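J.: attaching a predicted model along with its sequence, questions to come.
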Amino acid sequence: MNDKQILIAPSILSADFAYLGAAIQEAEAGGADMIHVDVMDGHFVPNLTIGPVVVSAVRQVTELPLDVHLMMAQPELYLDNFAAAGAARLTVHPEACVHLHRILAQIRELGLETGVALNPSTSEEVLRYVLPLVDWVLVMTVNPGFGGQSFIMEILPKIKAVRQMLDAAGRTAAHVAVDGGINLQTAPLVVAQGADVLVAGSAVFKSPAGVATAISVLKCAADEMG
């Protein structure tokens, strides 16, 4: 079970970019806790999305923290740019970082929160020697690169293992987020394993019920297990 408040981070990857500002403001008004921004470079993942210019534009239309997920090779080259654009947190992938510890320290030096993302096949053991520098672990329950994918059930035990590892290291305030295939059915499952942040794209921005209602019902589904 999870005694932390459950936070919802709508992913703009699933929003209509022709009306991005309006979609983000609707999510904020609907009770979102932060905005999740997926940055993809076409090299580390097989898709190409946005960069610091869009992050800066998003910063202008919302007061919510911007949770920027860097799915890119050599993220250290762009940390300053995303910090200047208004990111509150930068999340990197161990596979994309030659020196993970150094990059996390650099993010901290910029005054931002740090995040480490774990791909489906990446063990939580990569966290062990950087735990003092980790504010956030993003457990991927799909292979990164595209929205709208199906949740990989085999990842559920990893969520619990990450929460236990953080707690054992005294990092009880650190968050465990889950990204990929989050909906009314999967949200309670990940919360039961110790997740306290739900990154949801299609379930929010493509919901027939509307963004605000989607966020509300997702929180209700998650809180039942919280």
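T.: Perfect, thanks for sending it.
J.: my guess is residue 76 contacts residue 104, does it?
T.: No - judged on C-beta atoms under 8 Å, residue 76 makes no contact with residue 104 at a distance of 10.4 Å. From N, CA and C alone the C-beta is placed, and that goes for glycine too.
J.: more neighbours: those two, which one.
T.: More neighbours surround residue 104 than the other of residue 76 and residue 104, with 21 against 16 (other C-beta atoms under 10 Å).
J.: pLDDT weak spots in this protein?
T.: 1-2, 225-226 (pLDDT under 70).
J.: so where do the strands sit in it?
T.: Ranges of strands within the chain are 7-10, 35-40, 66-71, 89-92, 113-118, 136-140, 175-179, 197-200, based on DSSP state E.
J.: what's the first one packed up against?
T.: The elements that strand 7-10 packs onto, with contact taken as 3 or more C-beta pairs under 8 Å, 6 or more residues apart in numbering; DSSP states H and E, are strand 35-40, strand 197-200, helix 202-205, helix 211-223.
J.: quick revisit: TSV for the strands of the chain, including mean neighbour count and distance to residue 128?
T.: Below are the strands of the chain laid out as TSV (neighbours: other C-beta atoms under 10 Å; distance: least, C-beta to C-beta, whole Å):
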stretch	mean neighbour count	distance to residue 128
strand 7-10	26	25
strand 35-40	25	26
strand 66-71	26	21
strand 89-92	26	16
strand 113-118	23	11
strand 136-140	26	12
strand 175-179	27	15
strand 197-200	27	21
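J.: can you list these in JSON lines and add distance to residue 56?
T.: What follows is those, written out as JSON lines (distance: least, C-beta to C-beta, whole Å):
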{"stretch": "strand 7-10", "distance to residue 56": "19"}
{"stretch": "strand 35-40", "distance to residue 56": "11"}
{"stretch": "strand 66-71", "distance to residue 56": "10"}
{"stretch": "strand 89-92", "distance to residue 56": "14"}
{"stretch": "strand 113-118", "distance to residue 56": "18"}
{"stretch": "strand 136-140", "distance to residue 56": "22"}
{"stretch": "strand 175-179", "distance to residue 56": "23"}
{"stretch": "strand 197-200", "distance to residue 56": "21"}
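J.: tell me which of those lies nearest to residue 158.
T.: strand 136-140 (5.9 Å; C-beta to C-beta).
J.: tell me what the closest one is packed against?
T.: strand 89-92, strand 113-118, helix 156-168, strand 175-179.
J.: now the helices and strands packed on strand 7-10 as TSV including distance to residue 156?
T.: Shown next, in TSV, are the helices and strands packed on strand 7-10 (distance: least, C-beta to C-beta, whole Å):
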stretch	distance to residue 156
strand 35-40	21
strand 197-200	14
helix 202-205	18
helix 211-223	15
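J.: closest one to residue 26 among these?
T.: helix 211-223 (4.5 Å).
J.: contact partners of the closest one?
T.: 6, 8, 10, 23, 26-27, 29-32, 182-184, 187-188, 191, 198, 200, 203-205, 207, 209 (C-beta atoms under 8 Å, 6 or more residues apart in numbering).
J.: pull out the buried residues from those.
T.: Buried positions within these, assessed by neighbour count (16 or more other C-beta atoms under 10 Å), are 6, 8, 10, 23, 26-27, 30, 32, 182-183, 187, 191, 198, 200, 203-205, 207.
J.: related to what we said a few turns ago, okay if I get the helices and strands packed on strand 136-140 as CSV plus distance to residue 68?
T.: What follows is these, written out as CSV (distance: least, C-beta to C-beta, whole Å):
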stretch, distance to residue 68
strand 89-92, 5
strand 113-118, 9
helix 156-168, 20
strand 175-179, 13
